[in-house]
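**Student:** Got a sequence here, can you build the structure:
(2 chains)
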Amino acid sequence: MARITRDEVLHVARLARLELTGAEVEKFQEQLSDILEAVSKVSELDLADVPPTAHPLEIANAWGEDEPRESLPLDEVFANAPERDGDYFRVPPA
Amino acid sequence: MTLDTLRLTAEEADRLLRTKEISGAELFAAYLAAIGERDPELHAYLHVCENPGGDGLPLAVKDVIGTKGIPTTAGSKILESYVPVYDATVIANAKRHGLRVLGKTNTDEFAMGSSTENSAYGPSRNPWDPSRVPGGSGGGSAAAVSGGLAPWALGSDTGGSIKQPAALCGHVGLRPTYGTVSRYGVIAFASSLDQVGPVAKTVRDCAWLYSIISGRDANDSTTVDVPTVELPAGERLDGLRIGVPKEMNGADGIEPGVTEAVDRAIELAESLGASVEECSLPHSVDYGVACYYLVAPAEASSNLGRYDGVRFGLREDGADFREMIMRTRDAGFGDEPKRRIMIGTYALSSGYYEAYYGTAQKVRTVIKREHDALFERYDVLVSPTSPTVAFPIGAKIDDPIAMYMNDVLTIPSCMAGLPGLNIPCGLSQGLPVGLQLVGPQFAENTLFRAGHALEQAIGFDGVPERLR
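**Tutor:** Numbering: from 1, shown residues only, chains lettered A, B, ... in the order given. Model prediction:
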């Protein structure tokens, strides 16, 4: 299997919102290639008529009553916020 | 009275409290003293609580489980300052039964790892030999229970994070059936696999703690009604049908000393009246790890998207919103979460989804069906829990794939949503060997019954030799 390229590492890092340093890019290019090669083993099996499993239990929808409940107080909601501005989370400009 | 926290079971501690031979404060103080004495070496805890009052049993809690007012870091720098404003359901359940949080235990970052070496706060150490790992990701809970720093603990298990540390530290750990224990308030890693479970010195303690934390929860729509838990008492295994999957017991990399201890336990089971037969899981072992390391990272890459420096956790400065997020995530996540986020993002990305994630989900079906077929003939499947005894710190940290192979025997049943119990079954090279008992979904009582009878027959001394 082809090794993952430097550009692919950077592309995936951008998708995942990770700003990697130069050394990290090199290390991950090597390690991700090895890992992808190992996990590609899943393609060896004949899976033509096999449905996917997303969830291990055979349960369908779980219904609950649509009843209003009290929310957390705003001071608790913001207790862990890096930056609060009134009733908003403040972030740098987009 | 002097309490030997290395030997004290939760059941015995509870009896001493009920008969007023000790007070809740004395009990809590005994654990704080043990922590003061041995935790500087073992580093089982990331946070130790002051005595909160009350008379209930102390409980150590893996640091991926949210505890109101008590720091919860998931072993990550990105959550270093995070203090939950609500309790996870398992904590609420524990408190309702009078249990008191003793402290938060170390874990590989976001429960990703098999040794606790991926913790941003440094590794925990194995009470049997502090130069070796306690396993992971729940190595902190494991070191705490085996090191006498807690009567019992909560762990979480995605691909073996309760069972494997229990094996490496020589105590009992249950990964419950998926859906029997609420994940509400638990920091998510891979949501279709994550399960909270009990870590204890004995099977009876393990069953008791499971009965406390399990049950349907309106806040977690994947939970279901759970059969009433029966505390095991019997010593015989008459009528129990044990299957011995040859691939699980003959996998590459299983140490001879591990095989010997497990084989002795299987012979013992037969002498207690169980029927034992070899059977086969043709694809689960060969393909389990590959399947897991696609499904779990894919789910993790989505779950860890929430760490963006906006609502909680670390924030690094950036000129704009996007730069702030990217810098926060680069600074806050360690190598292993980054690796898994990258693998997961790649496996879910356009053009690769079907080849990787879609295919892995189908392999998951194959694994589940193989297990279902065996449970038409057997009540319990047995194997080693870990292919090796505890390995030296540093031995595998630079080789992610070698580290991933630690979980080769615990992963298959996790993929199938099955309960698995580890009990210690002997020593190899002076270190504990774990026996894994896997049952069909919701068969925890069968595992407890089999585990308890074997535990009595094996007579393993769970106190590390160097601490006796």
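**Student:** Which residue ranges of chain B form strands?
**Tutor:** B:45-48, B:58-62, B:100-105, B:152-157, B:172-175, B:195-200, B:241-245, B:275-279, B:380-384, B:420-428, B:431-438 (DSSP state E).
**Student:** so which of these gets nearest chain A?
**Tutor:** strand B:195-200 (9.9 Å; C-beta to the nearest C-beta). (Glycine included, C-beta is placed from N, CA and C.)
**Student:** Just name the shakiest helix or strand of chain B by mean pLDDT.
**Tutor:** Of all helical and strand segments in chain B, the minimum by mean pLDDT, DSSP states H and E falls on helix B:400-404, at a mean of 89.
**Student:** what comes up buried for it?
**Tutor:** For helix B:400-404, the neighbour count (16 or more other C-beta atoms under 10 Å in any protein chain shown) marks B:400, B:403-404 as buried.
**Student:** go on, stretch B:425-439?
**Tutor:** For stretch B:425-439, using 16+ other C-beta under 10 Å, the buried residues are B:425-428, B:431-439.
**Student:** Indicate the residue of chain A located nearest to chain B.
**Tutor:** Taking C-beta to the nearest C-beta, chain A has residue A:56 as its residue nearest chain B, at 2.5 Å.
**Student:** Tell me the secondary structure at that residue.
**Tutor:** Look at residue A:56: counting by DSSP: H, G, I helix; E, B strand; the rest coil, its state is coil.
**Student:** thought it was touching residue B:365?
**Tutor:** No: if you go by C-beta atoms under 8 Å, residue A:56 and residue B:365 don't touch, sitting 10.3 Å apart.
**Student:** And the two? Which one has more around it.
**Tutor:** Set residue A:56 next to residue B:365 and count neighbours by other C-beta atoms under 10 Å in any protein chain shown: residue A:56 wins out with 21 against 18.
**Student:** Tell me the pLDDT of the more buried one.
**Tutor:** On pLDDT, residue A:56 comes in at 91.
**Student:** Identify the residues contacting it.
**Tutor:** By C-beta atoms under 8 Å, 6 or more residues apart in numbering or on different chains, the residues touching residue A:56 are B:178-179, B:192, B:368, B:415-418, B:441.
**Student:** could you redo the last one with a cut-off of 10 Å?
**Tutor:** B:177-179, B:192-193, B:195, B:222, B:364, B:368, B:414-418, B:441 (C-beta atoms under 10 Å, 6 or more residues apart in numbering or on different chains).
**Student:** picking that back up, need the overlap of contacts for residue A:56 and residue B:365.
**Tutor:** Common neighbours of residue A:56 and residue B:365 (C-beta under 10 Å, 6+ apart) are B:415-416.
**Student:** next one: stretch A:81-94 to chain centre, how far?
**Tutor:** 23 Å (C-alpha atoms, centre = their mean, to the nearest Å).
**Student:** In CSV, please show the C-alpha coordinates belonging to that stretch.
**Tutor:** Output of stretch A:81-94 as CSV, limited to C-alpha atoms (Å, rounded to 0.1, in the frame of the first residue of the first chain):
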residue,chain,number,x,y,z
ALA,A,81,-15.3,29.2,29.9
PRO,A,82,-11.9,30.6,28.8
GLU,A,83,-13.5,34.0,28.2
ARG,A,84,-17.0,35.2,29.1
ASP,A,85,-18.7,38.3,27.8
GLY,A,86,-22.1,38.7,29.6
ASP,A,87,-24.2,35.7,28.5
TYR,A,88,-21.8,34.8,25.6
PHE,A,89,-18.6,32.9,25.1
ARG,A,90,-16.1,35.4,23.7
VAL,A,91,-13.8,34.2,20.9
PRO,A,92,-11.3,35.9,18.6
PRO,A,93,-12.9,37.4,15.3
ALA,A,94,-13.7,34.9,12.6
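**Student:** quick check, nearest of the buried residues of helix B:400-404 to residue B:131?
**Tutor:** residue B:403 (17.6 Å; C-beta to C-beta).
**Student:** Spatially, and excluding backbone neighbours, which residue is closest to residue 93.
**Tutor:** Using chain A. residue B:320 (5.7 Å; C-beta to C-beta, 6 or more residues apart in numbering or on different chains).
**Student:** I was thinking of chain B, sorry if that wasn't clear
**Tutor:** residue B:213 (5.2 Å).
**Student:** just the buried residues of helix B:400-404 that are near chain A?
**Tutor:** Near chain A, judged by C-beta under 10 Å from any C-beta of the partner chain, the entries from the buried residues of helix B:400-404 are B:400, B:404.
**Student:** What is the nearest of the buried residues of helix B:400-404 to chain A?
**Tutor:** residue B:400 (5.8 Å).
**Student:** ok, now how distant is that closest one from residue B:330?
**Tutor:** Plainly put, residue B:400 is 19 Å away from residue B:330 if you go by C-beta to C-beta, to the nearest Å.
**Student:** now swap in residue B:187 and tell me
**Tutor:** Per C-beta to C-beta, residue B:187 is found 20 Å from residue B:330.
**Student:** same deal with residue B:293?
**Tutor:** Taking C-beta to C-beta as the measure, residue B:293 falls 23 Å from residue B:330.
**Student:** still on that earlier bit, including mean pLDDT and distance to chain A, could the strands of chain B go into JSON lines?
**Tutor:** Supplementary listing: those in JSON lines, determined by pLDDT from 0 to 100; distance: least, C-beta to the nearest C-beta, whole Å:
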{"stretch": "strand B:45-48", "mean pLDDT": "98", "distance to chain A": "16"}
{"stretch": "strand B:58-62", "mean pLDDT": "98", "distance to chain A": "19"}
{"stretch": "strand B:100-105", "mean pLDDT": "98", "distance to chain A": "16"}
{"stretch": "strand B:152-157", "mean pLDDT": "98", "distance to chain A": "13"}
{"stretch": "strand B:172-175", "mean pLDDT": "98", "distance to chain A": "12"}
{"stretch": "strand B:195-200", "mean pLDDT": "98", "distance to chain A": "10"}
{"stretch": "strand B:241-245", "mean pLDDT": "98", "distance to chain A": "18"}
{"stretch": "strand B:275-279", "mean pLDDT": "98", "distance to chain A": "20"}
{"stretch": "strand B:380-384", "mean pLDDT": "98", "distance to chain A": "16"}
{"stretch": "strand B:420-428", "mean pLDDT": "98", "distance to chain A": "13"}
{"stretch": "strand B:431-438", "mean pLDDT": "98", "distance to chain A": "13"}
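**Student:** Check which residues of the longest helix along chain A are buried.
**Tutor:** The residue-count maximum for a helix in chain A (DSSP state H) belongs to helix A:22-39. By 16+ other C-beta under 10 Å, the buried positions in helix A:22-39 come out as A:24, A:27-29, A:31-33, A:35-36, A:39.
**Student:** Nearest spatial neighbour of residue B:107, chain-adjacent residues omitted?
**Tutor:** residue B:75 (4.3 Å).
**Student:** right, and that neighbour touches residue B:46 too?
**Tutor:** Yes: using C-beta atoms under 10 Å, residue B:75 is in contact with residue B:46, at 7.3 Å.
**Student:** Which residue would be the closest one in the stretch 101-250 of chain B to chain A?
**Tutor:** Residue nearest to chain A within the stretch 101-250 of chain B: residue B:221 (3.9 Å; C-beta to the nearest C-beta).
**Student:** Same question for chain B.
**Tutor:** residue B:417 (2.5 Å).
**Student:** That residue - how many residues pack around it?
**Tutor:** 24.
**Student:** confidence score at it?
**Tutor:** Residue B:417 is assigned 97 on the pLDDT scale.
**Student:** that older thread, switch the buried residues of stretch B:425-439 over to JSON lines; also include distance to residue A:17.
**Tutor:** JSON lines is the format used below for these (distance: C-beta to C-beta, whole Å):
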{"residue": "B:425", "distance to residue A:17": "46"}
{"residue": "B:426", "distance to residue A:17": "48"}
{"residue": "B:427", "distance to residue A:17": "47"}
{"residue": "B:428", "distance to residue A:17": "45"}
{"residue": "B:431", "distance to residue A:17": "42"}
{"residue": "B:432", "distance to residue A:17": "42"}
{"residue": "B:433", "distance to residue A:17": "43"}
{"residue": "B:434", "distance to residue A:17": "39"}
{"residue": "B:435", "distance to residue A:17": "43"}
{"residue": "B:436", "distance to residue A:17": "38"}
{"residue": "B:437", "distance to residue A:17": "42"}
{"residue": "B:438", "distance to residue A:17": "38"}
{"residue": "B:439", "distance to residue A:17": "41"}
